[in-house]
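Undergrad: Everything below, folded, please.
(chains A and B)
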Amino acid sequence: MGLLRRLLQLIVTVVAVTFFSALLLQLLPGDPVEVLAPFSSEEQRDVIREDLGLDDPFVVRYAGWLGGFVTGDMGNYYTVSSKRPVSDRVADALPISLQLMIYSQLISLAFAIPVGVYAAARKGRIFDKFSNATAFAMLAIPNFALALLLQYFLGVKWQLFPTSGYTKITEDPSMHFQQMVLPCVTLAVGQFAVYMRLLRSDMIATLQQDFILLAKSKGMSSRRILFRHALRPSSLTLLTVAGLSVGTLIGGALIVEVLFQIPGMGLMLAEAIATRQMVAFQSLIAIVAILYVLVNFGVDLLYSALDPRIRHDRTR
Amino acid sequence: MTEHVDPDPEHTEAETRGVGLAPSVIGTAEAVGVAIGDTVPEDPEGKPDAKGKIGIGGWLAISWLGLIVALALLAPVLPLHDPLEQFSGLASSGPQTGHPLGTDALGRDMLSRVIWGSRASLAIGLGAITFGMLIGGFLGLVTGFFKGRVDAIVTPLMSLLLAIPQFVLALSLVTVLAASADVSDTRRILVVILGLGITTIPILGRITRANTFSWSEREFVTAAEAVGARKGRIMIRSVLPNVFPAMLSIAMLGVGLAMIAEGGLSVFGVGVQLPQPSWGNIIAEGRNQLRRAPHIVIFTSVVLFLTVLALNFLGDVISKRFDVREGQL
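TA: Numbering: from 1, shown residues only, chains lettered A, B, ... in the order given. Here you go, the predicted model:
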């Protein structure tokens, strides 16, 4: 039941989002063909116009796009000289963006969990105060500024990491990870701060509960209490926020991909906007929205797995 | 606040805290708000009166913001170089007499550009959030208070807007709204304000709604109803003042995030248009000079960072002072 409702929600969301974005792009002034193929002949333009359905009314065009999208046809992506199916380019770009986001998420959680747990355990001590203040400051760092500062200090000045570019992991794993360090750290800093502070305050609340006192009185080691008993009930909000943060990550990844010249969805989306590729743009937005809704769906499933007390369908 | 999971889905802790939203570049407001707001319950060792005091940090934050606002307002009468004047032979040079923050790639005075740029950045931050507060706040208040049919229509629409990552939404809105060729500088800023403002509506709306929701269940509201006060009056006179601190503390974060988002838009070339300076586009443009003149990016980033930090800090003070969190329970 919950699953079915979720699925319905997903479909409605995607349809509404793409319809909205299609409508938005519809409002752009100027002839899109002019932008797509500036040096083409009149016949070529007619072909493109036909392909994009530009002479059809808006609703017809949207319905056509939706039908195509459902069957895996995402339309064509135009460059100055050629056109390629959007799905082809997405197949290249999506894994890159996912890598970027997964790495950042892993980095931020890998630091946030131990730091948050220890800060909570040593509440009010120096470590807690220092980590808390640092995280607070991290929240105020603009991601694009951080990207550039990292590029300058770690890339240009101390030459520790390459400042831009992307290499496939299958081609050259070492180069791949080296290039990913700066963009992923850029994205991870803000996430780390959010996660760490959240986990810390939830942990502090958990540590005041009776079952922790019981565990202590049974003589368990504090490490075991912290990580086995307290972490699980404290990680629920963290999990929700981690899921919702995918939205932040997508926005951040967009900027980071441009600044680090990583050919992911962000760079593609930026290109599609700049060259007014309505069909491509719509398809990309739809993919992003589906991704986002799916992630949060997954989070909900995990949520009830982590906390047996929740077995109801969390409505949002 | 020791209870972690409220079985009522409308009242999960996450929801009342405003977690049930999609954070993004702008949308991080709630996530950041959650992270910034200290949810530590009773602090047995802590000083009880430390809560919500402005403190040294708070005064520093206020002074910094005061300074920035004063400089922004006084920019026309201050003895500054013209932010558009290009000093030949001084392109991309570091700090020196006459140019305390150095010059940019075209030899324009950085100090002047940073101060003049603050006008655009502040206008965008304040403008976008004011817009979002007015509309999102109103919608949130009405849906949270009246619930029922209004809620059933408006809230799903807001959730829908949240299904697009916020930055993507802002980017598309601004691109579309500013598409016509002859957009003047002022109009451009208005477009950015509008684009970012629309993006913040669902965020502020949902936070206001969640807060209104819990406040309107309180006894004094029932009491007001019992003595026959009109619904609208109760909403404005009894509920709004209690919800306002939560809105304000999120709005403080939002101003900073909107200023940052403008920079993100500038990375895509759709923020405030050069040569008109904004903090965002100074940094975005400075990336081309990163090797030769890193001071452009560094100085402006530090100023932007401190401003956002100050705003976050004050937002935190407000939420503690007015006990935003406990007030919701």
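Undergrad: All the strands of chain A, residue numbers only.
TA: A:76-78, A:83-85 (DSSP state E).
Undergrad: Sketch out the low-pLDDT regions of the chain for me.
TA: If you meant another chain, say so; for now it's chain A. A:1-2, A:25, A:28-40, A:78-82, A:276, A:278, A:304, A:307-316 (pLDDT under 70).
Undergrad: Chain B, not that one
TA: B:1-52, B:179-183, B:323-329.
Undergrad: let's go with 50 and repeat that
TA: By pLDDT under 50, the low-scoring segments of chain B are B:1-49, B:326-329.
Undergrad: domain ranges for it?
TA: Following automatic domain parsing, one gets these domains for chain B: B:1-38, B:46-86+B:106-327.
Undergrad: related to what we said a few turns ago, which of the strands of chain A sits closest to chain B?
TA: strand A:76-78 (17.3 Å; Cβ to the nearest Cβ). To be clear about C-beta, it is placed using only N, CA and C from the backbone, and glycine gets the same treatment.
Undergrad: follow-up on the earlier one: could you look over the strands of chain A and pick the most buried one?
TA: The highest mean neighbour count among the strands of chain A, using mean count of other Cβ atoms under 10 Å in any protein chain shown, belongs to strand A:76-78: a mean of 23.
Undergrad: re earlier: reformat the strands of chain A into JSON lines and put distance to residue B:262 next to each item.
TA: Formatted as JSON lines, those follow (distance: least, Cβ to Cβ, whole Å):
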{"stretch": "strand A:76-78", "distance to residue B:262": "29"}
{"stretch": "strand A:83-85", "distance to residue B:262": "33"}
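Undergrad: now these as JSON lines including distance to chain B?
TA: Converted to JSON lines, the strands of chain A look like this (distance: least, Cβ to the nearest Cβ, whole Å):
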{"stretch": "strand A:76-78", "distance to chain B": "17"}
{"stretch": "strand A:83-85", "distance to chain B": "22"}
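Undergrad: Helix, strand or coil: sort out the residue in the stretch 101-250 of chain B that chain A sits nearest to for me.
TA: Nearest residue of the stretch 101-250 of chain B to chain A: residue B:167, at 2.9 Å (Cβ to the nearest Cβ). Following DSSP: H, G, I helix; E, B strand; the rest coil, we place residue B:167 in the helix state.
Undergrad: so it touches residue A:258, yeah?
TA: No - between residue B:167 and residue A:258 there is no contact, the gap being 11.7 Å when judged by Cβ atoms under 8 Å.
Undergrad: Looking at the two, which is more packed in?
TA: residue B:167 (30 against 23; other Cβ atoms under 10 Å in any protein chain shown).
Undergrad: returning to that earlier point: count of neighbours near the nearest residue to the residue of the stretch 101-250 of chain B closest to chain A once chain neighbours are set aside?
TA: Leaving aside its chain neighbours, residue B:167 sits nearest to residue A:251 (2.9 Å; criterion: Cβ to Cβ, 6 or more residues apart in numbering or on different chains). Counted with other Cβ under 10 Å, residues neighbouring residue A:251 total 30.
Undergrad: residues in contact with stretch B:188-199?
TA: Residues outside stretch B:188-199 that contact it (Cβ atoms under 8 Å, 6 or more residues apart in numbering or on different chains): B:26-27, B:120, B:123-124, B:127-132, B:135, B:161, B:166, B:169-170, B:173-174, B:177-178, B:183, B:258, B:261-262, B:265, B:271-273, B:276.
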